[in-house]
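K.L.:
I would like the atomic coordinates for the input below:
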Amino acid sequence: VSAGADPIPFDGVKVALRRAAMEVPLGAKANFGLGMPQMVGSILAEEGVSDALTLISESGAIGGVPAAGINFGAHYNVEALCDQGDHFNFFAGEGLEFGAFGMGEVDRNGDLNTSLISGTVKGVGGFMNIAANAKTAVFIGTFTASGIKTHIEDGKLVIDQEGKFKKFVKEIPQSSFSLKQAVKRGHRILYVTERAVFEGTADGLKLIEIAPGIDLQKQVLDQMEFMPIIPDGGPKLMHPGLFQEKWGGLREYLESKQANK
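P.N.:
Sure, this is the predicted structure:
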């Protein structure tokens, strides 16, 4: 859905974006945040399901194609424009069914810091209002930060170079999202990376999926500053279609999921 976007390289980032797209409810009203989340629209376009949702920006734009980069907040071929305050009232009323957001740092409680990264104040923008009220919120990012390099080989994820900094930390300097409050309100919360997927629960982060080819201890647990909840039998493998250069299975997956609700 991203206008003029270049094809996304087939690596771990694309895997994470595809996995996030698997959570899109067909026909949903949705919002994408800055950074990696903006590229979820490109995945939907590649998979031929751009019509799966109506994109809504906090600027007041509805429908069409959201612009990326410095033009964030504008839409191409917009269907409607509303007052910005009305949109935040809509978000506060939990009208948003799906949101994809940047991950920043995640602590042992599942809370997020997206506003103070490495001592630099980024600010939260509309993140707190929108992420807190989306019925399904998917936080997307690489597992580690700064310099991570990956590729896909024989249907498996390969970490060529680990990032310098851990994103899953014991403590965060500022909190811009409360997992406990989101779960209390019945929201579905996921943390999606190229190698692992976590579900937010009342007891913290539950490791529900891992990429094929990834060593659970060395490349997941050792790269975290806390121990997540691990289900009996361990996490299941991420969908094999995510690790194929040409997938083409997203629409069928989404339609099947909706039919089985």
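K.L.:
surely Lys170 and Met224 touch.
P.N.:
No: under the criterion of Cβ atoms under 8 Å, Lys170 is not in contact with Met224, lying 9.2 Å apart. No exception for glycine: its C-beta is placed from N, CA and C like everyone else's.
K.L.:
of those two, who's got more company?
P.N.:
Neighbours were counted for Lys170 and for Met224 using other Cβ atoms under 10 Å; Met224 has more, 20 against 11.
K.L.:
from Thr193, how far off is that one?
P.N.:
11 Å (Cβ to Cβ, to the nearest Å).
K.L.:
next: Ala100.
P.N.:
The span separating Ala100 from Thr193 equals 13 Å under the rule Cβ to Cβ.
K.L.:
list residues touching both of those two?
P.N.:
Taking Cβ atoms under 8 Å, 6 or more residues apart in numbering as the contact criterion, the residues that touch both Ala100 and Thr193 are Ile140.
K.L.:
what pLDDT, on average, does stretch 220-236 get?
P.N.:
The average pLDDT within stretch 220-236 is 97.
K.L.:
sort out which residues of it are buried, please.
P.N.:
Under the neighbour-count criterion of 16 or more other Cβ atoms under 10 Å, stretch 220-236 has Val220, Leu221, Gln223, Met224, Pro228, Pro235 buried.
K.L.:
now it - C-alpha only, PDB.
P.N.:
C-alpha atoms of stretch 220-236 as PDB (Å, rounded to 0.1, in the frame of the first residue of the first chain):
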ATOM      1  CA  VAL A 220      16.900 -15.600  21.500                       C
ATOM      2  CA  LEU A 221      17.200 -16.100  25.300                       C
ATOM      3  CA  ASP A 222      20.900 -15.000  25.500                       C
ATOM      4  CA  GLN A 223      20.000 -11.900  23.600                       C
ATOM      5  CA  MET A 224      17.400 -10.900  26.200                       C
ATOM      6  CA  GLU A 225      17.900  -9.400  29.700                       C
ATOM      7  CA  PHE A 226      15.000 -11.400  31.200                       C
ATOM      8  CA  MET A 227      13.400 -14.800  30.800                       C
ATOM      9  CA  PRO A 228      10.100 -14.800  28.900                       C
ATOM     10  CA  ILE A 229       7.300 -17.300  29.500                       C
ATOM     11  CA  ILE A 230       8.000 -20.500  27.500                       C
ATOM     12  CA  PRO A 231       5.000 -22.700  26.900                       C
ATOM     13  CA  ASP A 232       5.100 -26.500  27.500                       C
ATOM     14  CA  GLY A 233       6.800 -28.100  24.600                       C
ATOM     15  CA  GLY A 234       8.500 -24.900  23.600                       C
ATOM     16  CA  PRO A 235       7.500 -22.300  21.000                       C
ATOM     17  CA  LYS A 236       6.200 -23.500  17.700                       C
END
